[in-house]
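Undergrad: Sequence first, then the predicted structure, then my questions.
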Amino acid sequence: MHPGAIAAVTPDKPAVIMAGSGRIITYRELDEESNRLAHLFRAAGLRPGDHIAFMLANHPLFLAVAWAAHRSGLYYTPISSRLQTAELAYIVENCGARAFVSSADLAGVATSIIDATPGVELRLMIDGTAGGFTSYEQAVAGRPVTPVDDECAGADMLYSSGTTGRPKGVKLAATHGPLTEPGMLLKLVEALFTPSGDSVYLSPAPLYHAAPLRYSMTFQRLGATVVVMERFDPERYLQAVEQYGVTHSQLVPTMFIKMLKLPEETRTKYDISSLRCAIHAAAPCPVPVKEQMIDWWGPIIHEYYAGTEGNGFLYVGSEDWLQHRGTVGRSLFGIVHICDEEGDDLPPGERGTIYFESGGAFEYHGDPGRTRAAQDPRGRGWTTLGDIGYLDEDGFLYLTDRRSYMIISGGVNIYPQEAENVLSVHPKVADVAVFGVPDEEMGEQVKAVVEPLSMAEAGPELEAELIAYCRERLAHYKCPKSVDFRPELPRHPTGKLYKRLLREEYWSART
């Protein structure tokens with residue numbers, strides 16, 4: 001149930017394989033590396049309940065750093081390697097990190113926050129060093145490869161991706177119990193996806209995000225091999241499935257879309273028959289996209305709806321989804337309520353804010369205001385991720401959009417996800433965002449910003465084509481009145497769109 005136990009039985013088995021470089025970290029190496037760093041944390045005065053942060057790309061030692069903190073009873077915050085100085089300094093300082101780990105390829109931004117993070121007592125740099133940092137390799141050299149005397153389980157404290165505002169630290173309760181205690185995620189993964197020590201899990205997304213990190217560590221608890229892509233590429237993904245005999249993987253809908261837009265000869269070039277479970281989450285998947293994926297890969301597509309906050313978990317397999325197309329599943333953890341603005345329950349089919357009753361408890365670190373805002377107005381202890389949706393008569397949930405993205409035009413509520421789902425499958429569209437922009441008469445009007453497959457086609461003709469395409473499939477008032485084109489949209493590597501950044505460009509002149 002943890003790397004040390006696996007290393008004792010199969011020490012030479014790969015725990016991590018880097019898909020690009022081919023570098024292998026065995027379970028013995030993972031166990032010993034994480035123990036050395038755990039001892040260094042203790043020598044630096046860190047005790048259970050203290051906090052560390054680390055900023056790494058998908059590095060071979062990423063999971064070793066996470067396991068070192070976890071088996072030291074620490075809270076650990078992995079941070080996006082894309083952040084700049086102000087964003088990085090905010091998270092490191094806000095989470096109360098006493099230690100910070102980074103790598104030489106990120107030295108520029110890592111060193112830029114030293115003055116702004118005086119609470120950090122230990123700064124380590126992998127693959128080199130820089131001013132204010134100690135060489136990681138030298139610091140852990142000679143440390144014991146056995147567990148620390150007071151080894152106990154810590155917990156991650158992850159920050160939201162900031163798609164709707166400043167990142168929030170999600171603090172879950174750490175038990176500081178034995179590492180062998182199975183958590184809720186392990187139980188769900190075992191029940192739904194039936195992995196084993198023979199499984200090979202492919203992680204194509206950045207490990208600093210909740211699902212890639214938690215699922216990779218969960219599969220390692222079972223002794224599986226985790227194959228990590230340094231960055232996602234649609235053809236390289238298919239190649240990795242064939243090369244490593246991948247059995248399980250987790251993706252996001254934008255990855256599906258990119259693979260579906262590969263030439264037919266490329267898509268059929270690779271043998272992906274080893275793949276037994278393709279799991280997706282993190283963002284809504286357009287119905288036509290999922291239909292095409294099930295046609296291509298078979299009924300091995302699994303979907304869940306959950307958040308970093310851990311306050312609920314819904315699931316749907318391919319068979320049920322085909323009977324309830326568009327659903328994100330039924331609840332396996334937490335009772336789902338759809339509520340109006342006053343907190344009253346709404347009947348099936350009516351849209352409202354999604355709340356979870358009897359789900360996991362959480363708080364937004366250092367932000368009681370945001371913590372209260374995530375709770376239901378009646379004070380019943382229900383919590384929300386801020387999404388809007390509805391339940392059908394069978395208890396299946398359908399997402400409409402995030403509450404903060406809803407467009408109000410002439411007093412009518414418009415959910416931009418509907419238009420996004422339509423436009424995303426247009427053959428000339430690589431990516432799309434739909435949101436509200438100022439309108440003097442209606443308050444807001446619907447705008448689409450599109451990343452075309454070819455910028456050479458961007459212009460009035462394609463704009464008219466896309467608007468007409470959308471109007472053939474949706475009520476006109478839900479469709480964009482205009483379309484702007486960009487070479488690339490600001491999308492998080494996990495698939496979440498930074499719609500807030502686009503929207504702010506159009507609203508910046510308005511009070």
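TA: That came through, no problem.

Undergrad: So the chain: which segments form each domain?
TA: 26-179, 182-280, 284-403, 406-507 (automatic domain parsing).

Undergrad: What segments of the stretch 351-500 of the chain are helices?
TA: 368-373, 417-424, 460-471, 499-507 (DSSP state H, counting those that start in this stretch).

Undergrad: same question, the stretch 101-250 of the chain
TA: 107-111, 136-140, 184-193, 210-221, 234-244.

Undergrad: right, so those helices: which one is the most enclosed?
TA: Across those, the average number of neighbours (mean count of other CB atoms under 10 Å) peaks for helix 210-221, which reaches a mean of 23. To be clear about C-beta, it is placed using only N, CA and C from the backbone, and glycine gets the same treatment.

Undergrad: list the helices and strands that one packs on?
TA: Helix 210-221 sits against helix 62-70, strand 155-159, helix 184-193, strand 200-203, strand 225-228, strand 248-251, with contacts defined as 3 or more CB pairs under 8 Å, 6 or more residues apart in numbering; DSSP states H and E.

Undergrad: Which of these sits closest to Ala15?
TA: strand 225-228 (6.7 Å; CB to CB).

Undergrad: quick one: that closest one to chain centroid distance?
TA: 17 Å (CA atoms, centre = their mean, to the nearest Å).

Undergrad: The domains of the chain: which one's closest to Ala19?
TA: Checking these against Ala19 by CB to CB gives domain 182-280 as the closest, at 4.6 Å.

Undergrad: what's the first-to-last distance across that closest one?
TA: 23 Å (CA to CA, to the nearest Å).

Undergrad: Ok, stretch 378-387 next?
TA: Length of stretch 378-387, first residue to last, CA to CA: 18 Å.

Undergrad: What residues of that stretch count as buried?
TA: For stretch 378-387, burial by neighbour count (16 or more other CB atoms under 10 Å) applies to Trp382, Thr383, Thr384, Leu385, Asp387.

Undergrad: got these as CSV, with distance to Gly310 and pLDDT columns?
TA: Formatted as CSV, the buried residues of stretch 378-387 follow (distance: CB to CB, whole Å; pLDDT from 0 to 100):
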residue, distance to Gly310, pLDDT
Trp382, 14, 94
Thr383, 10, 93
Thr384, 13, 92
Leu385, 10, 88
Asp387, 15, 88
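
Undergrad: Out of those residues, which sit inside strands?
TA: Mapping the buried residues of stretch 378-387 onto strands (DSSP state E) picks out Asp387.

Undergrad: Looking at the buried residues of stretch 378-387, which is nearest Ala68?
TA: Taking CB to CB as the measure, Ala68 sits nearest to Leu385 out of these, at 30.0 Å.

Undergrad: Give me the phi and psi for that closest one.
TA: Main-chain torsions, Leu385, degrees, to the nearest 10: phi -90, psi 0.

Undergrad: For whichever helix in the chain runs longest, give me every contacting residue.
TA: In the chain, taking DSSP state H as the definition, the longest helix is helix 27-43. Helix 27-43 is touched from outside by 3-4, 6-7, 10-16, 25, 52, 61, 63-65, 67-69, 71-72, 74, 99, 122, 139-141, 143-148, 151, 220, 223, with contacts defined as CB atoms under 8 Å, 6 or more residues apart in numbering.

Undergrad: 6 Å instead, please
TA: 3-4, 6-7, 11, 13, 15, 64, 67-68, 71-72, 139-140, 143-145, 147-148 (CB atoms under 6 Å, 6 or more residues apart in numbering).

Undergrad: Heading C-terminal from it, find the next helix or strand.
TA: Per DSSP states H and E, the first helix or strand lying C-terminal to helix 27-43 is strand 51-55.

Undergrad: got the CA coordinates for that following strand in CSV?
TA: Output in CSV follows, covering the C-alpha atoms of strand 51-55 (Å, rounded to 0.1, in the frame of the first residue of the first chain):
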residue,chain,number,x,y,z
HIS,A,51,4.2,22.3,5.0
ILE,A,52,6.5,22.1,1.9
ALA,A,53,6.0,23.3,-1.7
PHE,A,54,7.7,22.2,-4.9
MET,A,55,7.7,23.5,-8.5
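
Undergrad: elements contacting it?
TA: Counting contacts by 3 or more CB pairs under 6 Å, 6 or more residues apart in numbering; DSSP states H and E, strand 51-55 is packed against strand 75-79, strand 99-103.

Undergrad: and of those, who's closest to Ser203?
TA: The nearest among these, by CB to CB, is strand 75-79 at 13.1 Å.

Undergrad: Pairing partners for that closest one, with directions?
TA: Next to strand 75-79 in the sheet, as set by DSSP bridges, lie strand 51-55 (parallel), strand 155-159 (parallel).

Undergrad: Lowest average pLDDT across these?
TA: Note on the strands paired with strand 75-79: lowest mean pLDDT is at strand 155-159, with a mean of 93.

Undergrad: orientation of that strand relative to helix 210-221 in degrees?
TA: 160 degrees (axes from the mean of the first three to the mean of the last three CA atoms, to 10 degrees).

Undergrad: So, low pLDDT: which residues of the stretch 401-511 of the chain?
TA: Along the stretch 401-511 of the chain, segments meeting pLDDT under 70 span 401-404, 410-411, 492-496, 509-511.

Undergrad: about what we covered before: columns mean neighbour count, distance to Arg370 and mean pLDDT on top of the helices and strands packed on strand 51-55, output as CSV?
TA: Listed next are the helices and strands packed on strand 51-55 as CSV, based on neighbours: other CB atoms under 10 Å; distance: least, CB to CB, whole Å; pLDDT from 0 to 100:
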stretch, mean neighbour count, distance to Arg370, mean pLDDT
strand 75-79, 25, 17, 96
strand 99-103, 25, 24, 98
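
Undergrad: need these in CSV with distance to Val328, can you?
TA: As requested, these are exported to CSV (distance: least, CB to CB, whole Å):
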stretch, distance to Val328
strand 75-79, 25
strand 99-103, 35
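
Undergrad: just so I know, which of those lies nearest Ala374?
TA: strand 75-79 (19.3 Å).

Undergrad: Direction-wise, compare that closest one with helix 62-70 and give the angle.
TA: Relative orientation of strand 75-79 versus helix 62-70 (the same axes, to 10 degrees): 150 degrees.

Undergrad: pLDDT on whichever helix or strand comes after strand 75-79, on average?
TA: Counting by DSSP H and E, the element after strand 75-79 in chain order, helix or strand, is helix 85-94. On average, the pLDDT along helix 85-94 is 92.

Undergrad: Could you do stretch 311-329 as well?
TA: Stretch 311-329 carries an average pLDDT of 96.

Undergrad: Which positions within it qualify as buried?
TA: Buried, per 16+ other CB under 10 Å, within stretch 311-329: Asn311, Gly312, Phe313, Leu314, Tyr315, Val316, Ser318, Trp321, His324, Thr327, Val328, Gly329.

Undergrad: still on that earlier bit, output the helices and strands packed on helix 210-221 as CSV; include the columns distance to Ala464.
TA: Converted to CSV, those look like this (distance: least, CB to CB, whole Å):
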stretch, distance to Ala464
helix 62-70, 47
strand 155-159, 41
helix 184-193, 45
strand 200-203, 41
strand 225-228, 44
strand 248-251, 33
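
Undergrad: Roughly how far does the residue lying closest to Leu385 once chain neighbours are set aside sit from Lys13?
TA: Spatially, and ignoring its direct neighbours in sequence, Leu385 is nearest to Gly307 (4.5 Å; CB to CB, 6 or more residues apart in numbering). Relative to Lys13, Gly307 is positioned 33 Å away (criterion: CB to CB, to the nearest Å).

Undergrad: Among the helices of the stretch 351-500 of the chain, which comes closest to Arg236?
TA: Closest among the helices of the stretch 351-500 of the chain, using CB to CB: helix 417-424, at 22.0 Å.

Undergrad: For Leu56, list the residues it contacts.
TA: Phe62, Ser103.

Undergrad: and it, how far is that from Arg325?
TA: Leu56 is 39 Å from Arg325, by CB to CB.

Undergrad: Of all the helices of the stretch 351-500 of the chain, which one is nearest Asp233?
TA: Here helix 417-424 is closest among the helices of the stretch 351-500 of the chain (CB to CB), at 19.4 Å.
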